[in-house]
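*Asks:* Okay, here's the prediction I keep looking at, along with the sequence it came from:
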Amino acid sequence: MGIQSGTAIVTGASRGVGRTIATELAAAGFQVCCAARTESALLETVGIVESAGGRAIAVAADTTNRTSVENMGAET
């Protein structure tokens, strides 16, 4: 990976591929904003990242809603 640190926003981070991307980016040194519609599942992802020594926040967001996306950006 060319970029070694920074902040990454990962949508769909509550499970599956999104969760894997979030955990891998955190392991590579990124601060991760985990975004998805289900906050409880996002909190699980954040817990996984933090237990491995990474930094992450959970932001419930619906990427089909412009206001929700703008709020996600503001929280990051």
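*Replies:* Sure thing, it's come through.
*Asks:* Run through the bridge partners of the closest residue to Thr11 other than its chain neighbours.
*Replies:* Spatial nearest neighbour of Thr11, excluding adjacent residues (C-beta to C-beta, 6 or more residues apart in numbering): Ala35 at 4.9 Å. For glycine as for every other residue, the C-beta is placed from the backbone atoms N, C-alpha and C. The partner list for Ala35 in beta bridges (DSSP bridges) reads Thr11, Val59.
*Asks:* From Gln4, how far off is Ala35?
*Replies:* Going from Ala35 to Gln4 by C-beta to C-beta, to the nearest Å gives 22 Å.
*Asks:* Look at these two and report which has more neighbours.
*Replies:* Neighbours per residue (other C-beta atoms under 10 Å) separate Ala35 from Gln4, with Ala35 holding more: 28 against 8.
*Asks:* you'd agree the more buried one is up against Val59?
*Replies:* Yes - with contact defined as C-beta atoms under 8 Å, Ala35 reaches Val59; the gap is 4.9 Å.
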